[in-house]
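Colleague: fold the following.
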Amino acid sequence: MSDIDPGEHTVEQLQDELANIDSPRELEGLLDAEKDGRERKTAQEAIRARMREVGEGVEEGTETEGEYRETADDVESEDAETTATDDLALDPSEYDIAEFGPAIKDVDDPDELEAILNAERNGEGRDNVVTLIESRIEKVSESEDSEDGDIDPTSFSTAELGNALQGIDDVERLREVLEAEQAGEDRGAATNLIQKRIDSVQEDDEPEEIEVVPPEEKHPDLDHPTADKQYVKALEDGVYRDMWVYCETQAGELIDVSKEMLGKARELMDTYNDDYGEDERVVAVLIGSDVEKHAEDVIAYGADVVAHHEDEGLERFQHKPYTELFCDMARAGATPGESRGSEAETDWRAYDEPRYTVFPATNNGRDLSALAQGELDSGLASDCSDLYIEEAMISNPVKTGRPGAKKEFERVLHMKRPDFSGFEYSTILCLDNPTREFHPQGASVIPGSFDLPEPDYDREGEVIEHDGDLDEDWLRVSVTDHDRLDEGVDLAGHDVVVAMGRGIGDSPTEGMELGIELSEAFADGALGVSRGIVTGSYEFAGHVERYTAEERQIGETGQVVEPDLYIAAGISGAVQHKVGMDNSETIVAVNTDPDARIRDFSDYFIEGDLFEVLPELTAALKAGELSSDEIAADGGANDD
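Modeller: This next block holds a predicted model:
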């Protein structure tokens, strides 16, 4: 017998050891040990391969040849068995019952299913697995019968018949099934099922018109505070074009997120025009005092048209006038309602409202986007991190108008944003329904989600001035004095950012001290925190408490950073945090949990306690010996 225990070796290590073994009996012992131990198929195949190699070198007529032949017979038999299972769509012996249920649903061939059933019966013979396979065979067979039109409704229970009918979309075949049921058992529940299926797939020349009753008429006993909003009505057969970008300014300067959105809008509309053979434009909207000076800049960043409204009373953002002016620009010349501007102001556009609108997800941008989209009677996806335009196939009867029908919506703006679970993304669509239109399709964008484009000052564009007096009621609040607050901590401009998360819980003050010390060891380092630190109930000593304030928060509702090196200590990796640091050049994560989500998007993952790992990193850095090997040393698992 061999002194080697295959269970103590990886497959690669085992292959190296096998190269030094020439005894068939010793190899057979290793094969038995692997079968009784870890049962790895790749390891067993490696041992069998070595047994075949040894057999090729055995001289005929020798004692060793006889020893090998006896063993080889078993190996060939097992190889034949392995080959048989290799031909299966899936090998049931590789799955436990919990995994097997979802896997078997992907097999639709009855012959393959029969082979899997035989393999299970000849193998482990688990009753619950056999039942699953037999159930799948029955379901697939029913589906095939339904596709061939050979459904005998009298051979099905009502529940089984309902499942079988889902595979039939031909009205004539469904009527044949209905006639067979009526001529046979004529069960009321069964005939209702068949008739409902006929109704759901039957194609009418003209869909039945849905009567629309205004809410104030439908429910006269209720208050209707929005009934007097003359513009909150969908346009009938409206014409929509272009992507509008609200370009925010602060303290008289165009902020970066406005430039980022213009660059993304330019990219989207260039692709859109190529795909659909259109010539739709990017329209930049500027509202405020002395904003026309930015017209050349926004054109350089991607706009084809700049629509602006100038007024000294708009020096600072105010909800009412900004909303009214944006919406007046957006619906100029459209019905219902009339534009406050002159007819000349609509000459540059031949449509009712924008197709798409994009706003910055800043404090002011969030307010304006919600108010403007509500006033325009459309929807809004807030705090988005990505946008793209493509078709969408929808089966929701609210959108299609009929149960069971499918409808393809064209030119849909897909708006991607982190969802409320914190670990996944959701894609929001703003789609019309049979009784009304939802345009413009609107989104607000998290700052830092898109690259800052290079301006092209050779680009040409059209500048449109939106004229008109402000309504006094819009300016009921006036600012008589103001003081500009400290801008706070800006983490975006540093080469290195060290971020601390909930992993400091065992000793919050000490954990923050370690993070501060590591960040200060870099020539241009800064310290940030996750939302869990800001909202948690940790008690910090006074000298570190200022480092835990909201101004240092990184993520969807905090700062977005793109340093050369990002070190995340004790951070799980929720999507809301990911959007704030995902574009960092190199990401190093320190976490005790080997399955932490942040591992999926880190360049280096150190499985270890931050209270042990961070001091070693700081010491190595101060000694001038920090390298990728040093980062990974003694820390645990490293993905690279």
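
Colleague: buried residues in stretch 363-378?
Modeller: 364-378 (16 or more other CB atoms under 10 Å). Yep, even glycine has a C-beta here, placed from its N, CA and C like the rest.

Colleague: CA atoms of that stretch as CSV?
Modeller: Taking Å, rounded to 0.1, in the frame of the first residue of the first chain, the C-alpha atoms of stretch 363-378 are listed here in CSV:
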residue,chain,number,x,y,z
ASN,A,363,-29.7,67.7,-3.0
ASN,A,364,-31.1,70.2,-5.4
GLY,A,365,-31.2,67.8,-8.3
ARG,A,366,-33.2,65.2,-6.4
ASP,A,367,-35.8,67.9,-5.5
LEU,A,368,-36.1,69.2,-9.0
SER,A,369,-36.3,65.8,-10.7
ALA,A,370,-39.1,64.6,-8.6
LEU,A,371,-41.1,67.8,-8.9
ALA,A,372,-40.5,68.2,-12.6
GLN,A,373,-41.4,64.6,-13.5
GLY,A,374,-44.5,64.8,-11.4
GLU,A,375,-45.6,68.0,-13.1
LEU,A,376,-44.9,66.5,-16.5
ASP,A,377,-47.1,63.5,-15.5
SER,A,378,-44.4,60.9,-15.8
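
Colleague: figure out how far it is from the centre of its chain.
Modeller: 24 Å (CA atoms, centre = their mean, to the nearest Å).

Colleague: now stretch 502-522
Modeller: How far stretch 502-522 lies from its chain's middle: 32 Å, per CA atoms, centre = their mean.

Colleague: pLDDT on it, on average?
Modeller: Stretch 502-522 shows a mean pLDDT of 94.

Colleague: if we go by neighbour counts, what in that stretch is buried?
Modeller: 502-504, 508-509, 511-519, 521-522.

Colleague: of the residues you listed, closest to Pro455?
Modeller: Distance to Pro455 across the buried residues of stretch 502-522 (CB to CB) is lowest for Phe522, with 31.5 Å.

Colleague: can you tell me, leaving aside adjacent residues, what's nearest to the closest one?
Modeller: Val496 (4.3 Å; CB to CB, 6 or more residues apart in numbering).

Colleague: cool, and Asn583?
Modeller: The nearest residue in space to Asn583 (CB to CB, 6+ apart) is Glu562, at 4.5 Å.

Colleague: that neighbour: neighbour count?
Modeller: Per other CB atoms under 10 Å, the neighbour tally for Glu562 reads 18.

Colleague: same check, this time on the one 3 residues further on
Modeller: Around Leu565 there are 17 other residues, counting by other CB under 10 Å.

Colleague: from what I see, it and Asp495 are in contact.
Modeller: Yes. Counting by CB atoms under 8 Å, Leu565 touches Asp495, with 6.9 Å between them.

Colleague: can you list residues touching both of these two?
Modeller: Phe522 (CB atoms under 8 Å, 6 or more residues apart in numbering).

Colleague: what sits against the residue nearest to Phe522?
Modeller: Val496 touches Ser519, Phe522, Asp524, Gly525, Ala526, Pro563, Asp564, Leu565, Tyr566, Ile567, counting by CB under 8 Å, 6+ apart.

Colleague: now with 7 Å?
Modeller: Ser519, Phe522, Asp524, Gly525, Pro563, Asp564, Leu565 (CB atoms under 7 Å, 6 or more residues apart in numbering).

Colleague: what is the most widely separated pair among the residues you listed?
Modeller: Longest span within the contacts of Val496, CB to CB: Ser519 and Asp564, 13.6 Å.

Colleague: name the SS class of the residue nearest to Asn583, please.
Modeller: coil (DSSP: H, G, I helix; E, B strand; the rest coil).

Colleague: next: Gly302.
Modeller: For Gly302, the assignment made with three-state DSSP gives coil.

Colleague: for Arg355, give me phi and psi.
Modeller: phi -80, psi -40 (degrees, to the nearest 10).

Colleague: hmm, Pro440 and it touching each other?
Modeller: Yes. At 6.1 Å, Arg355 counts as touching Pro440 under the criterion of CB atoms under 7 Å.

Colleague: residues that sit against both of the two, list them.
Modeller: Counting by CB under 7 Å, 6+ apart, the contacts common to Arg355 and Pro440 are Tyr240.

Colleague: so which of these two has more stuff around it?
Modeller: Taking neighbours as other CB under 10 Å, Arg355 and Pro440 compare with Pro440 leading, 25 against 21.

Colleague: who does Met249 bridge with?
Modeller: Heads up, residue 249 is Thr, not Met. Leu254 (DSSP bridges).

Colleague: Tyr388 now?
Modeller: Bridge pairing for Tyr388 - DSSP bridges - gives His414.

Colleague: and the nearest residue to Lys416 once chain neighbours are set aside, how many neighbours does it have?
Modeller: Distances taken as CB to CB, 6+ apart put Asp386 closest to Lys416, at 4.0 Å, once the chain neighbours are dropped. When counting by other CB under 10 Å, one arrives at 17 neighbours for Asp386.

Colleague: next, the contact list for Ala569, please.
Modeller: By CB under 7 Å, 6+ apart, Ala569 lies in contact with Val498, Ala499, Met500, Gly501, Gly503, Gly515, Val590, Leu610, Leu614.

Colleague: at 10 Å instead, please
Modeller: Ala569 sits next to 498-501, 503-504, 511, 514-515, 518, 530, 588-591, 606, 609-611, 613-614, 617 when contact means CB atoms under 10 Å, 6 or more residues apart in numbering.

Colleague: over to Thr535?
Modeller: So Thr535 contacts Glu550, Gln553 (CB under 10 Å, 6+ apart).

Colleague: tell me the spacing between it and Ala295.
Modeller: Using CB to CB, to the nearest Å, we find Thr535 at a distance of 42 Å from Ala295.

Colleague: same question, Ala521
Modeller: 46 Å.

Colleague: thought Arg411 was touching Ile389?
Modeller: Yes. At 6.2 Å, Arg411 counts as touching Ile389 under the criterion of CB atoms under 10 Å.

Colleague: joint contacts of these two?
Modeller: Tyr272, Asp275, Tyr276, Arg355, Tyr356, Gln441.

Colleague: how about the residues you listed, which pair is most distant?
Modeller: Asp275 and Gln441, at 16.4 Å, using CB to CB across the shared contacts of Arg411 and Ile389.

Colleague: more neighbours: which of these two?
Modeller: Using other CB under 10 Å as the criterion, Asp275 and Gln441 rank with Gln441 on top: 29 against 12.

Colleague: my read: that one touches Cys430, true?
Modeller: Yes. With contact defined as CB under 10 Å, Gln441 reaches Cys430; the gap is 4.2 Å.

Colleague: could you pull up the residues touching Arg411?
Modeller: If you count contacts by CB under 10 Å, 6+ apart, then Arg411 has 240, 272, 275-276, 278, 280, 355-356, 389-392, 441 around it.

Colleague: any of those buried? List them.
Modeller: Here, 16+ other CB under 10 Å leaves Tyr240, Tyr272, Glu280, Arg355, Tyr356, Ile389, Ala392, Gln441 buried among the contacts of Arg411.

Colleague: wait, which of the residues you listed is closest to Val291?
Modeller: Taking these together and measuring to Val291 by CB to CB, the closest member is Tyr356, at 21.8 Å.

Colleague: give the next helix or strand downstream of the host helix or strand of that closest one.
Modeller: Using DSSP states H and E, Tyr356 sits in strand 353-360. For strand 353-360, the succeeding helix or strand toward the C-terminus, using DSSP H and E, is helix 363-375.

Colleague: got the angle for that next one vs strand 353-360?
Modeller: Inter-element angle recorded for helix 363-375 and strand 353-360: 160 degrees (by axes from the mean of the first three to the mean of the last three CA atoms, to 10 degrees).
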